[in-house]
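Colleague: structural data only, the sequence is not supplied:
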Ligand SMILES: [Zn+2]
Ligand SMILES: [Zn+2]
Ligand SMILES: [Zn+2]
Ligand SMILES: [Zn+2]
Ligand SMILES: [Zn+2]
């Protein structure tokens, strides 16, 4: 007789066991895997290349391009580093700290390299 080890329950048929796995909160099935909790399944959505999932909105998207578009329109997103931040402050901190960015905080502007940033810092009146 089919038996669900996780729930320690017997079932009358394989079909009944399958139905149980679909319905039960103890089972979270995705990509042929059975995750013990919803949050473990969510981790899988975040990590798996099979999914384009926004963990901030708990929403699925068709593909990576759709997801990136969503990040850009709805979140504080650094498209250089492909990272999402909780708010503007977090994104600005990232621009300041990351060596990939050449950022002038008072002007809220980015420059393509260190040289143009330095030039800007020397030129602009606003910094004096
Ligand atoms: Zn079960
Ligand atoms: Zn999956
Ligand atoms: Zn989102
Ligand atoms: Zn960045
Ligand atoms: Zn500036």
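Modeller: That came through, no problem. As the structure is a computational prediction, the values presented were derived from the model and not from experiment. Ligands and ions are numbered 1, 2, ... in the order given.
Colleague: please report how far residue 24 lies from residue 33.
Modeller: As judged by CB to CB, to the nearest Å, residue 24 and residue 33 stand 15 Å apart. For every residue, glycine as well, the C-beta is placed using N, CA and C.
Colleague: please say which of those two ends up with more neighbours.
Modeller: Ranked by neighbour count (other CB atoms under 10 Å), residue 24 and residue 33 place residue 24 first, with 14 against 11.
Colleague: could you say what helices and strands the one helix or strand residue 89 maps to packs with?
Modeller: Here residue 89, judged by DSSP states H and E, is contained in helix 88-97. The contact analysis (3 or more CB pairs under 8 Å, 6 or more residues apart in numbering; DSSP states H and E) places helix 88-97 against strand 76-78, strand 83-85, strand 102-104.
Colleague: parallel or antiparallel, list what pairs with the first one.
Modeller: Strand 76-78 has these partner strands in its sheet, going by DSSP bridges: strand 83-85 (antiparallel).
Colleague: for the last one, same thing?
Modeller: Strand 102-104 sits in its sheet next to strand 109-111 (antiparallel), going by DSSP bridges.
Colleague: can you pull out the residues in contact with the strand it pairs with?
Modeller: 95, 101-104, 117, 120 (CB atoms under 8 Å, 6 or more residues apart in numbering).
Colleague: all set, thanks.
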